[in-house]
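**Student:** Here is my input; please provide its structure:
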Amino acid sequence: MNADPFVSHRRLLFTVAYEMLGSAADAEDVVQEAWLRWADVDQAEVRDARAYLVRTVTRQALNRLRTLERRRAEYVGEWLPEPLLTSPDVAEDVELAESVSIAMLTVLETLAPAERAVFVLREVFDTPYDEIAEAVDKSPAAVRQIAHRARDHVAARRPRMDVDRAEQRVAVERFQVAMQTGDVQGLLDVLAPDVVLRADGGGVVPAARHPIEGADSVARLLGRFAEIAPGTRIDTVWLNGSPAVLVDPDGEINTAVSLAIEGGRITAIYAVRNPHKLTRLDAEAELAR
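**Tutor:** I've put the predicted structure just below:
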């Protein structure tokens with residue numbers, strides 16, 4: 001008996017939705033909506049199940065994204081994507097790891113909904129232009145123009161990702177130790193001079209509402225952590241395909257910290273503190289291209 005195509009492609013569908021939305025909860029809702037639609041179609045009439053399902057998920061995600069735009073415009077402070085616990089295997093697929101990184105998802109937030117959909121489908125999943133056109137209800141020519149515009153937009157803003165995983169891990173471990181001990185000099189040694197820290201508390205918990213720029217300012221802020229919360233547990237993990245840290249002050253994770261690293265130095269810090277975005281860190285997310 002053949003496996004249900006929806007089951008076979010579920011990891012892919014979740015990944016598409018997550019990259020379009022930056023929210024695992026919303027991505028799960030979109031995948032569930034797609035399943036309901038799939039259950040109602042005559043599957044014998046579907047020539048290419050994968051293309052059909054990706055198209056369905058894309059349309060549902062676009063609808064959700066337009067709704068979220070209004071909600072995010074009213075968000076308190078910085079809005080960061082919801083982090084996912086991932087296996088080291090995700091990091092082995094360099095393109096997938098970069099595409100789901102918090103750094104990249106943050107850049108994708110600056111695209112219009114249609115641009116984001118086209119960019120994700122074309123650049124990450126290598127979807128043919130005619131299939132993308134069906135998914136976003138535009139002509140293939142228009143999709144090519146959107147893809148070119150979105151590609152230029154992302155290229156101008158995307159962080160330069162260091163793919164040396166060993167070097168990444170070393171930098172993350174140095175960062176972890178310096179935070180744990182309140183070692184300001186240790187932080188300065190691992191931070192790039194122009195490092196930027198962004199924090200997302202969602203108005204629910206304390207967090208800087210605007211980016212903090214420069215190694216001195218960031219090191220002073222993080223260097224106070226050991227004094228403010230002595231004995232706090234800080235673990236290194238894999239988040240969104242890259243080494244990261246989880247902060248656990250009292251038996252419950254309260255911050256997920258993703259790092260962009262270049263040349264052994266941390267160039268960007270993304271600290272997610274909104275508790276509503278920390279609910280999926282107890283099991284590895286299943287991602288696929």
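
**Student:** C-alpha only now, for contacts and for neighbours.
**Tutor:** Will do.

**Student:** isn't there a strand covering residue 72?
**Tutor:** No: read with DSSP: H, G, I helix; E, B strand; the rest coil, residue 72 is helix and lies in no strand.

**Student:** Let me know whether it touches residue 80 as I believe.
**Tutor:** No: taking Cα atoms under 8 Å as the definition, residue 72 is not a contact partner of residue 80, at 10.1 Å.

**Student:** which residues in this structure form helices?
**Tutor:** 5-8, 10-21, 24-40, 49-73, 88-92, 94-100, 102-108, 113-119, 129-136, 140-157, 165-181, 184-190, 215-223, 225-228 (DSSP state H).

**Student:** mean pLDDT lowest for which of those helices?
**Tutor:** Comparing mean pLDDT over these, the weakest stretch is helix 225-228, at a mean of 79.

**Student:** Mind listing what's buried along it?
**Tutor:** Neighbour counts over helix 225-228 (16 or more other Cα atoms under 10 Å) mark 225, 226 as buried.

**Student:** one step back: of residue 72 and residue 80, which one has the most company?
**Tutor:** Taking other Cα atoms under 10 Å, residue 72 and residue 80 do not tie; residue 80 has more neighbours (24 against 13).

**Student:** residues touching the more buried one, list them.
**Tutor:** 102, 106, 199, 200, 270, 272 (Cα atoms under 8 Å, 6 or more residues apart in numbering).

**Student:** could you measure the fourth one against residue 154, distance?
**Tutor:** Residue 200 sits 22 Å away from residue 154, going by Cα to Cα, to the nearest Å.

**Student:** okay, those two: which has more neighbours?
**Tutor:** Shown here are residue 200 and residue 154; by other Cα under 10 Å, residue 200 has more neighbours (29 against 17).

**Student:** Assess the claim that the more buried one and residue 273 are in contact.
**Tutor:** Yes: judged on Cα under 8 Å, residue 200 makes contact with residue 273 at a distance of 5.5 Å.

**Student:** Overlap of the contact sets of those two?
**Tutor:** residue 207.

**Student:** What's the local residue count around residue 287?
**Tutor:** Residues near residue 287, counting by other Cα under 10 Å: 23.

**Student:** contacting residues around it?
**Tutor:** Per Cα under 8 Å, 6+ apart, neighbours of residue 287: 11, 12, 14, 15, 90.

**Student:** Please report how far the last one lies from residue 243.
**Tutor:** It stands for residue 90. 11 Å.

**Student:** So between these two, which is more surrounded?
**Tutor:** Applying other Cα under 10 Å to residue 90 and residue 243 shows that residue 243 carries more neighbours, namely 25 against 22.

**Student:** bridging residues for the more buried one?
**Tutor:** residue 238 (DSSP bridges).

**Student:** Between which two of the contacts of residue 287 is the distance greatest?
**Tutor:** Using Cα to Cα, the pair of these lying farthest apart is 14 and 90, separated by 14.4 Å.

**Student:** What lies in contact with stretch 49-56?
**Tutor:** Against stretch 49-56 from outside (Cα under 8 Å, 6+ apart): 5, 6, 9, 13, 16, 34, 38, 46, 131, 132, 134, 135.

**Student:** What distance do you get for residue 222 to residue 215?
**Tutor:** To residue 215, residue 222 is 10 Å away according to Cα to Cα.

**Student:** In terms of packing, which of these two has more residues around it?
**Tutor:** Counted by other Cα under 10 Å, residue 222 and residue 215 do not tie: residue 215 has more neighbours, with 22 against 18.

**Student:** Cool, thanks, talk later.
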